[in-house]
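need a 3D model of the sequence below.
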Amino acid sequence: MKSKILLLMLCCTMVISAKAQENKLTIEFDRIINEELSLNGAGATVLVSRQGEIIYNKAFGLANVELDVPMETDHVFRIGSITKQFTAIAILQLMEQGKLSLQDEITRFIPDYPLQGAKITIENLLTHTSGIRDYTSMKDTLQRGKLDFKPEAMIDYFKNQPMRFAPGTRYEYSNSNYFLLGYIIEMITGETYPQYLVNHIFRPLGMNNSNYGSDTMLIRNRAAGYTLGDKGIRNASTLSMTQPYAAGSILSTTEDLFKWNQAVQSYQLVSKETLEKAITRYKLVNGKEINYGYGFRQGYIQENPSIWHGGRINGFITLAMYLPADEVYVVVLSNCDCNTLDQVTAKLAALAIGKPYNYKEIEVANSILQSYAGVYENEDGDPFVISIDNGKLYAQRGRNPKELVKAKEENKFFFEDPMIMMEFGVTQDENKNYLIIRSRNGNEMWYKTDKMALADVEVKVDDETLELYTGEYEMTPQFSFTITKEDEQLFLQATGQDKLEMFAEEENKFFLKVNDARFEFVKESGKVTKVLMRQGGKTAEAIKIK
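Numbers count the residues shown, from 1 in each chain. A predicted model of the protein is given here:
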């Protein structure tokens, strides 16, 4: 009898302890959301699961501000570009059925698509490496937002735009890629894209609160969408869901997305082998990896691999992240597109795996710090400077201001943003010193050079050549800049910003001294047609329009 009583007491103690831990975790989740998520009068729903069990599921704020309707966990949101995961899985299902190959040229299914001398494959579309211009970046995007388009008409709208680059040579996110994939699904199956979702994904998985977007269809528990104006939030502008289509038109809930992730990760929709390809970083033709697979982004949370995708669409912003090693899934859906969800999602995920972003700084010997000092370069030749001042380590990307970094381990340091880490090491094969910048978006590798300072290397460029670079350049319809020449010197000025002096390091390569931006002018047939801008480890292309 005494043994039974002791066993019962032990079980009760374990239950109480587990409940206390669960309550503590809930309190910490609440704190992160309240600190990081700016609702601006609108609302959000948040779900966290671990090892297939939902451990947190809450709603915040309002689903409808005008009617003062509180948000509930079953409210339905536009999920924007998370839709791309569904489109990718649908394509992979058809691949497994032998109805397409990822190496098929898109003209197998869209015969009249103008390839402009290039070979564009299904895989190029899945990985955003096709070079096809994003139709949402075209100048009249806002004006045509209310218009309904049949898929063929939308494809006609963007298909004759000049290619941005040769397929497979670069990564550039383009909604046009996934629009085309949706149309290819229709060409193969004879079903509309919405029908395919219902018949092959929503209904089989019991995703009863998920739909293809429609402003006319009655959708139970639909949350209203908002945006931020000069006087606070306002109703989001109208957007026909025929336009985002297979790139961003799905409506869903946190619990339905949990069902989706469970099905994907348990190989209910595609095989393990196929899924591994989808969540693996794609390699460009030069062998460089990008942080994107087939509809899935790759990153890290506290050095643990993450698979994720976000979405931003009129009135809504969303993010869903999965950490496979810990089987943790986090979904945050907001009905105001004024939010950013990267930090809140990352912090929730880190807490769920027991590695919250709250480090204790340790002291590191000055001799060890000195061994890290120097100039590092990545594969593009971009500089990263490590320096020591009063026994403290400072990091400087290019010519950006120096940032103090603090040690959590002897060779691991964190920035003011604790989700960015820096790790020093030595390669085993070549005995080369390196540093890795780890962030939720991926890793960047930099190798130490024999330079001890970042030199302002300036070269003289003749006046006639400088004149070729002047003009207006467009990165997107929403962002352009002008390059002018004054007294044999180039200046860059973006709309509404200060004029910045540019300095030449080569005849066609220039840099700024106020940050780490570098510019490379590209000539075609003797004329400057575009400029490549590298900043923060990313490359963007601006087309010369004047």
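
per-residue confidence at residue 157?
Listed pLDDT for residue 157 reads 93.

buried sites along the helix or strand containing it?
For residue 157, the element it lies in under DSSP states H and E is helix 151-158. By 16 or more other CB atoms under 10 Å, the buried positions in helix 151-158 come out as 151, 154, 155, 157, 158. All C-beta spots, glycine's among them, are computed from the backbone N, C-alpha and C.

what's that helix packed up against?
helix 175-189 (3 or more CB pairs under 8 Å, 6 or more residues apart in numbering; DSSP states H and E).

chain center to whichever helix or strand comes after the helix it packs on, what's the gap?
Using DSSP H and E, the helix or strand that directly follows helix 175-189 along the chain is helix 193-197. On the basis of CA atoms, centre = their mean, to the nearest Å, helix 193-197 is displaced by 25 Å from the centre of the chain it belongs to.

and stretch 35-51, by the same measure?
18 Å.

which SSE is immediately downstream of the lengthiest strand in the chain?
Of all the elements of type strand in the chain, the one with the most residues (DSSP state E) is strand 53-64. As assigned by DSSP H and E, the chain's next helix or strand after strand 53-64 is strand 69-70.

counting contacts, what elements does the helix or strand just after that next one pack onto?
Using DSSP H and E, the helix or strand that follows strand 69-70 in sequence is strand 77-78. If you count contacts as 3+ CB pairs under 8 Å, 6+ apart, strand 77-78 packs onto strand 250-252, strand 316-323.

measure residue 423 to residue 408 for me?
From residue 423 across to residue 408, the span is 10 Å (CB to CB, to the nearest Å).

could you list every residue that touches residue 304?
By CB atoms under 8 Å, 6 or more residues apart in numbering, the residues touching residue 304 are 323, 325, 326, 353, 355.

picking up where we left off before, strand partners (parallel or antiparallel) of the longest strand of the chain?
If you go by DSSP bridges, strand 53-64 pairs up with strand 43-50 (antiparallel), strand 69-70 (antiparallel).

so which of the ones you listed is the most surrounded?
Greatest average neighbour count among the strands paired with strand 53-64 goes to strand 43-50 (a mean of 24), per mean count of other CB atoms under 10 Å.

who's in contact with that strand?
Contacts of strand 43-50 with the rest of the structure, by CB under 8 Å, 6+ apart, involve 29, 33, 37, 54-63, 70-73, 75, 77, 223, 253-255, 257-258, 326-336, 339, 348-349, 352.

which of the contacts of residue 304 fall within strands?
Short answer: the contacts of residue 304 in strands (DSSP E) are residue 323.

any idea which of the buried residues of helix 151-158 is closest to residue 218?
Within those, the smallest distance to residue 218 is 24.3 Å, found for residue 151 (CB to CB).

one step back: overlap in contacts, residue 423 and residue 408.
By CB under 8 Å, 6+ apart, no residue touches both residue 423 and residue 408.

which residues touch residue 217?
For residue 217, counting by CB under 8 Å, 6+ apart, the contacting residues are residue 211.

can I get the buried part of the contacts of strand 43-50 as one PyMOL selection?
A single PyMOL command is used to select the members of the contacts of strand 43-50 judged buried by 16+ other CB under 10 Å:
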select buried, resi 29+33+37+56+57+58+59+60+61+62+63+71+75+77+223+253+254+255+257+258+326+327+328+329+330+331+332+333+334+335+336+339+348+349+352
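
rewinding a little: got the helices and strands packed on strand 77-78 as a markdown table, with mean neighbour count, mean pLDDT and distance to residue 506 columns?
As requested, the helices and strands packed on strand 77-78 are exported to a markdown table (neighbours: other CB atoms under 10 Å; pLDDT from 0 to 100; distance: least, CB to CB, whole Å):
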| stretch | mean neighbour count | mean pLDDT | distance to residue 506 |
| --- | --- | --- | --- |
| strand 250-252 | 26 | 98 | 47 |
| strand 316-323 | 25 | 98 | 40 |
